[in-house]
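**Q** Got a predicted structure here, sequence first:
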Amino acid sequence: MVQLVVDSGCDLPDEVLRKYAIPVLPLSVSLGNDTFGDQRNPAQMAHFYSLSLADRSHQISSGPASVEAIQSVVQKLLDQGADDIVIQTINGNNSPTHANARQVAQLLGCDSAKVHAVDSHTLFAGQGLLALYTLSLIQRGLTGEQIQSRAEEFGRKVVGYAAIKDVFYLRERGRQKNEKSVSWLKAAMARSLDLHPILSMDYQGSSVVDTVREYGNCSQRLFELATTAIREGKLQMPAVVVSIAGHVDQLDKVSGFEAFIEVAKQNQVKVFRSVMSLSGGINLGPGTVSLAFATK
């Protein structure tokens, strides 16, 4: 049977990771002078968000999973007898992790053990959705080679959205990466008018699809995007992944979430709740809510 591996940018509930024994490649997190690997450890993530370590006041950044870290995980699986491995990574346009995974696949793959590196073409909640799709292919008995082709095709159909809580946070993180798409003036105007953007993220890149006054209205609009897709029968897969840069129980208090859950139940669409990856929280800001689904 094929063994799935994901990186820590993948927003999957911890119970799914444990049920299917999915190894996690650690993306790196740098906080001040300290660097550590994010392995989607529930206690570590709870500590990170509870202390607001992703706050604008902290010098923090995320980086790719190294070749050495990926090789260590894959070699352990091979030593345990795995002979068909699929490594699913964050969008290759956003991180060198995919290139590193391809290097490991070429290094460790052989006639007796196949290693496939799959570019998810998506981020965070979108990666979680692709992982769920990949698990369904594994359960159907497809080979790693077959899964690689179908998963990369599916990844191009995944669209993710994020309701941004703090535009000043986006500006600060962008400034640290020499990105100037959000100026101080834009951020100041957004704060004074209580405006919050909704980002769209797919294989072609990211863009602002809407800007809404008051965060409660913004999150409601976010869930309406998924609700509309469900009601119009546009989902390629009857599942939506929702993640929050904070404790997962906080989702129940997010405006629009309860109504969205009811529509999903009525239409037999399963909703997977997850804590947002540390990489997601670092890049999008604490309190941000995201979701992803695949369209036909």
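**A** Sure thing, it's come through.
**Q** what are the ranges of the helices in this protein?
**A** 14-19, 42-50, 67-79, 97-108, 125-139, 144-155, 167-176, 184-192, 215-231, 257-266, 278-284 (DSSP state H).
**Q** With adjacent residues omitted, what lies nearest to residue 162?
**A** residue 290 (4.0 Å; CB to CB, 6 or more residues apart in numbering). The way it works is simple: take the backbone N, C-alpha and C, and place the C-beta from them, glycine included.
**Q** May I have the beta-bridge partners of the one you found?
**A** residue 162, residue 243 (DSSP bridges).
**Q** Just to check, it is in contact with residue 284?
**A** Yes - Residue 290 is in contact with residue 284 according to CB atoms under 8 Å; the separation is 7.0 Å.
**Q** Between these two, which contacts overlap?
**A** 124, 162, 276 (CB atoms under 8 Å, 6 or more residues apart in numbering).
**Q** Which one of the helices of the chain lies nearest to residue 199?
**A** helix 278-284 (7.7 Å; CB to CB).
**Q** which among the shared contacts of residue 290 and residue 284 end up buried?
**A** 124, 162, 276 (16 or more other CB atoms under 10 Å).
**Q** which regions of the stretch 1-150 of the chain lie under the pLDDT threshold?
**A** 52-58 (pLDDT under 70).
**Q** picking that back up, turn the shared contacts of residue 290 and residue 284 into JSON lines, columns for distance to residue 38.
**A** Output for the shared contacts of residue 290 and residue 284, formatted as JSON lines (distance: CB to CB, whole Å):
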{"residue": "124", "distance to residue 38": "12"}
{"residue": "162", "distance to residue 38": "18"}
{"residue": "276", "distance to residue 38": "11"}
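**Q** List the residues that contact the residue nearest to residue 162.
**A** 11, 124-125, 160-163, 242-244, 276, 280, 284.
**Q** Identify the residue spatially nearest to the residue nearest the centre of the chain, adjacent ones excluded.
**A** The residue lying closest to the centre of the chain (CA atoms, centre = their mean) is residue 124, at 0.7 Å. What sits nearest to residue 124 in space, not counting adjacent residues and going by CB to CB, 6+ apart, is residue 280, at 4.1 Å.
**Q** Against residue 49, how distant is that neighbour?
**A** Separation of residue 280 from residue 49 (CB to CB, to the nearest Å) stands at 11 Å.
**Q** Equivalent analysis for residue 20, please.
**A** Counting by CB to CB - residue 20 and residue 49 are separated by 25 Å.
**Q** who's more crowded, these two?
**A** The neighbour count for residue 20 versus residue 49, taken as other CB atoms under 10 Å, is higher for residue 49 (21 against 15).
**Q** Contact partners for that one?
**A** 245, 246, 247, 275, 281, 286.
**Q** try it again with 6 Å
**A** Contacts for residue 49 (CB atoms under 6 Å, 6 or more residues apart in numbering) come out as residue 246.
**Q** Use 896 as the first number for this chain going forward.
**A** Okay, residue one is now 896; in that scheme the one you just asked about reads as residue 944.
**Q** what's the distance between it and residue 996?
**A** For residue 944, the distance to residue 996 - CB to CB - is 27 Å.
**Q** surely residue 1004 meets residue 1011?
**A** No - using CB atoms under 6 Å, residue 1004 is not in contact with residue 1011, being 7.9 Å away.
**Q** Look at the two and report which has more neighbours.
**A** residue 1011 (24 against 17).
**Q** Just grab the bridge partners of that one for me.
**A** residue 981.
**Q** could the helices of the chain be laid out in JSON lines, adding distance to residue 897?
**A** Putting the helices of the chain into JSON lines (distance: least, CB to CB, whole Å) gives the following:
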{"stretch": "helix 909-914", "distance to residue 897": "16"}
{"stretch": "helix 937-945", "distance to residue 897": "26"}
{"stretch": "helix 962-974", "distance to residue 897": "11"}
{"stretch": "helix 992-1003", "distance to residue 897": "14"}
{"stretch": "helix 1020-1034", "distance to residue 897": "5"}
{"stretch": "helix 1039-1050", "distance to residue 897": "5"}
{"stretch": "helix 1062-1071", "distance to residue 897": "36"}
{"stretch": "helix 1079-1087", "distance to residue 897": "45"}
{"stretch": "helix 1110-1126", "distance to residue 897": "29"}
{"stretch": "helix 1152-1161", "distance to residue 897": "29"}
{"stretch": "helix 1173-1179", "distance to residue 897": "25"}
